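In: Here is my input, please return the structure:
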Amino acid sequence: MLFVLLLITVLTRIPFQGPYLYNGDPVAYFSGAESLLESGKYLIDGKTPIWPIGTSLTLVPFIVLSQLFSAAPEAAAFWHGVFFISLAVAFTYLLGKRIFSPATGIVGALFLSLAESPFIHSINSASDPGSLAMLLGAIYLMLLFLDTQSPRDLFLSFFLLGIAFVFRWNYVFFLPLFIIYLIGDRRIWAFHLYPSFWLLGFFGFLSGIAIQLITNFNQFGNPLMIGYGQLDYSEQFVFDIFVYLKNIIRVIYRMLFTWDFFSPLLAMFGVLAIIGLWKEKRRDVLWLFMPWVVLGALSVIYFGVKPRLLIPIMPPMFLIGAEGVVRAFFALRNSLSLHNVSPRMTVIGFVLMGAILFSPMFVRTLLHAHGHFEDKVVMQKAFRWAGEQMEDKESNIITQPFYAGQNADWLRAGWDVWASKRYSGRSIKSLEFPETWREIGDDWAVINRFWFEGSSVAFVNSREMSKRFDSLCTARNYELKLSLEGEQEPLFLKKLNMLSYYPIDFLQYQPAFEVWGPKQ
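Out: Residues are numbered from 1 along each chain as shown. Presented below is the predicted three-dimensional model:
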């Protein structure tokens, strides 16, 4: 069954493979991997990275393999994401099987495989799949240690937790998870029965983060200083209870009512499971999953609620929901058996019912992945063409904020890492920051016309950016040089998406890039 789950995970992603990179962080990770291959130093755009080394380091073998198979190096980004999300799916299944039942493991792993945020960020060189896989592996090995009492399992558990931190800094919040679980579930016998628990845990975690400590020491002369120390966040680290309360409410809302958690449908099944587990006094489940969710939400509550930042808490939520689905199935089977309905017909009917109920959420994932993929393919063609046509080596490209990737933090730190720069070979300026534009010079512009048409749900300032772009074209006497369109979202998927619980954008997304430059 695990093989089937992995097959579903890989095959559903195959249509979105390609030698493409997108946005800032994935491009940065990939550039870091190229730097490691070329010079042995972890640098991005010639600068000391703010990101941990884990994703770049694990990208290296995938880049080498892509070169061996004469594929574009960027193809490694796709297979890197698929490899780690497959590991995460496998560990979710094993956790569900160990804690609940094989059926719960299958359903929970299937949800993780097809949920939107894990799907989108596993077809690029993002850090999320790797960090999630390591966290799930660490938790599984901890549960295994409680049965085997093997020092190897204990050491590897904390080792993988350390590796998760080397993929994403915020995974350090999970460090207390094992202690909370062991104490809350009254497993403190582990501390007494195995006196080396603390030493093995410490050295395991230390071994996991060793590569980052070495990297920090080489870059800063201090193993405990991380890359984000380069940014001045003094103004952001201000206690604001109202912001925290607002973010807590937003996290709860996302967990109950957004497509990533297949809710509120899955929440209903989850409540059924929680009631049953409470009655059965399954303290082991509650003391593992509750701290897991709380600790995973801490960084989100502080830094802002984004779907990808909630990925670490999706596996426990999916497994609880899956347990509710399985319990509902057995309740239905027992009920129908009293009416002489065959078990086979019960299974077939329940599977069909589940497919109908949850398919709109899977459709949402495929729909978003399609738009995401088309956008990055056409975007890179447009920026690559513009860079090749621009004669002045000092010319910049002005584009929409989404494709420039600039924000106040990055501008302050001097960071200029984005897919648009990688493929055009030019410095990128954002429509959002006109103060960064050159007053003179033959700068060009690249925009996606779709985001200027009508009211954009994705970009609240799209109308303002549209007016600013029109003024730019008039002031600099621009003319249209090239138009490129991608494939429109499949209408069938768009219609099915209307059955989901997500607020519907009735516009069919179709990237329509335009390259503008000075008249000749």
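
In: how about low-confidence regions in the chain?
Out: Applying pLDDT under 70 to the chain flags residues 229-239, 338-339, 406-414, 454-460, 501-507.

In: Which helix or strand lies directly C-terminal to the top helix by length along it?
Out: Longest helix in the chain by number of residues (criterion: DSSP state H): helix 343-389. Using DSSP states H and E, the next helix or strand after helix 343-389 towards the C-terminus is strand 397-399.

In: mind giving me the domain ranges of the chain?
Out: Listed by automatic domain parsing, the domain ranges of the chain are 2-341, 374-518.

In: Of the ones you listed, flag the one that's most buried.
Out: domain 2-341 (a mean of 19; mean count of other CB atoms under 10 Å). C-beta here means a position set from N, CA and C on the backbone, and glycine is covered the same way.

In: ends of that domain, how far apart?
Out: Criterion CA to CA, to the nearest Å; first-to-last residue distance in domain 2-341 is 30 Å.

In: Same check on stretch 421-428?
Out: Start-to-end, stretch 421-428 (CA to CA) is 6 Å.

In: related to what we said a few turns ago, the domains of the chain: which one's closest to residue 349?
Out: Closest to residue 349 of the domains of the chain is domain 2-341 (CB to CB; 8.3 Å).

In: Distance of the closest residue to residue 196 other than its chain neighbours relative to residue 179?
Out: Nearest residue to residue 196, sequence neighbours excluded (CB to CB, 6 or more residues apart in numbering): residue 151, at 6.7 Å. Plainly put, residue 151 is 18 Å away from residue 179 if you go by CB to CB, to the nearest Å.

In: what's the answer for residue 515, then?
Out: 56 Å.

In: how about the nearest residue in space to residue 175 that is not next to it in sequence, what does it touch?
Out: What sits nearest to residue 175 in space, not counting adjacent residues and going by CB to CB, 6+ apart, is residue 161, at 6.9 Å. By CB atoms under 8 Å, 6 or more residues apart in numbering, the contact set of residue 161 is 134-135, 138, 171, 174-175, 178, 204-205, 208.

In: Could you do residue 225 as well?
Out: Residue 225 makes contacts with residue 216, as judged by CB under 8 Å, 6+ apart.

In: separation between the closest residue to residue 386 other than its chain neighbours and residue 162?
Out: Leaving aside its sequence neighbours, residue 386 sits nearest to residue 515 (CB to CB, 6+ apart; 4.8 Å). Going from residue 515 to residue 162 by CB to CB gives 46 Å.

In: ok, now residue 327?
Out: For residue 327 relative to residue 162 (CB to CB), the value is 36 Å.

In: so can I have a markdown table of the domains of the chain showing distance to residue 353?
Out: Shown next, in a markdown table, are these (distance: least, CB to CB, whole Å):
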| stretch | distance to residue 353 |
| --- | --- |
| domain 2-341 | 9 |
| domain 374-518 | 14 |
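
In: if we can go back for a sec, show me how far the longest helix of the chain is from its chain's centre.
Out: How far helix 343-389 lies from its chain's middle: 15 Å, per CA atoms, centre = their mean, to the nearest Å.

In: what angle separates the helix or strand encompassing residue 336 from helix 343-389?
Out: Assigned by DSSP H and E, residue 336 falls within helix 314-337. With axes from the mean of the first three to the mean of the last three CA atoms, to 10 degrees applied, the angle from helix 314-337 to helix 343-389 works out at 150 degrees.

In: Kindly spell out which helices and strands sit in contact with helix 314-337.
Out: helix 75-99, helix 102-114, helix 265-279, helix 283-303, helix 343-389 (3 or more CB pairs under 8 Å, 6 or more residues apart in numbering; DSSP states H and E).

In: hmm, try it at 10 Å
Out: Judged by 3 or more CB pairs under 10 Å, 6 or more residues apart in numbering; DSSP states H and E, the packing partners of helix 314-337 are helix 75-99, helix 102-114, helix 116-120, helix 128-148, helix 241-257, helix 265-279, helix 283-303, helix 343-389.

In: May I have the second one exported as CSV, CA atoms only?
Out: C-alpha atoms of helix 102-114 as CSV (Å, rounded to 0.1, in the frame of the first residue of the first chain):
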residue,chain,number,x,y,z
PRO,A,102,-3.1,1.0,8.5
ALA,A,103,-6.4,2.5,7.1
THR,A,104,-5.9,5.8,9.0
GLY,A,105,-2.3,5.9,7.8
ILE,A,106,-3.4,5.5,4.2
VAL,A,107,-6.1,8.1,4.3
GLY,A,108,-3.9,10.6,6.3
ALA,A,109,-0.9,10.1,3.9
LEU,A,110,-3.2,10.6,0.9
PHE,A,111,-4.4,13.9,2.3
LEU,A,112,-0.8,15.1,2.8
SER,A,113,0.1,14.0,-0.7
LEU,A,114,-2.7,15.9,-2.4
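
In: In terms of secondary structure, what does that helix contact?
Out: Helix 102-114 sits against helix 2-11, helix 75-99, helix 116-120, helix 265-279, helix 314-337, helix 343-389, with contacts defined as 3+ CB pairs under 10 Å, 6+ apart.

In: Let me have those in CSV, adding distance to residue 441 as columns.
Out: CSV is the format used below for the helices and strands packed on helix 102-114 (distance: least, CB to CB, whole Å):
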stretch, distance to residue 441
helix 2-11, 47
helix 75-99, 33
helix 116-120, 37
helix 265-279, 54
helix 314-337, 47
helix 343-389, 15
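
In: Nearest to residue 293, out of those?
Out: Nearest of these (CB to CB): helix 314-337, 5.8 Å.

In: Report the angle between the closest one and helix 265-279.
Out: Counting by the same axes, to 10 degrees, helix 314-337 lies at 80 degrees to helix 265-279.

In: Tell me what angle helix 314-337 forms with helix 102-114.
Out: Orientation check (the same axes, to 10 degrees): helix 314-337 against helix 102-114 gives 130 degrees.

In: and helix 314-337, how far out from the chain's middle?
Out: So, by CA atoms, centre = their mean, the centroid of helix 314-337 is 27 Å from its chain's centroid.

In: Kindly calculate the angle that it makes with helix 241-257.
Out: With the same axes, to 10 degrees applied, the angle from helix 314-337 to helix 241-257 works out at 40 degrees.

In: just to revisit the earlier point, now name the helix or strand holding the residue nearest to residue 175.
Out: helix 151-167.

In: Assign a three-state SS to the residue nearest to residue 386, would you?
Out: Assigned by DSSP: H, G, I helix; E, B strand; the rest coil, the conformation of residue 515 is strand.

In: which residues does it bridge with?
Out: Counting by DSSP bridges, residue 515 is bridged to residue 446, residue 482.

In: looking at this, residue 21 is in a strand?
Out: No: per three-state DSSP, residue 21 lies outside any strand segment and is coil.

In: That one: what's it in contact with?
Out: 27-31, 73-74, 77-78, 124-125, 376, 380, 418-419, 422-423 (CB atoms under 10 Å, 6 or more residues apart in numbering).

In: If we use 8 Å, what do you get?
Out: Counting by CB under 8 Å, 6+ apart, residue 21 makes contact with 27, 30, 74, 77, 124-125, 376, 380, 419, 422.

In: To which secondary structure element is residue 479 assigned?
Out: strand 478-485.

In: what is the orientation angle of that strand with helix 343-389?
Out: Using the same axes, to 10 degrees: strand 478-485 against helix 343-389 is 150 degrees.

In: Packing partners of strand 478-485?
Out: Strand 478-485 packs on helix 343-389, strand 512-518, going by 3+ CB pairs under 8 Å, 6+ apart.
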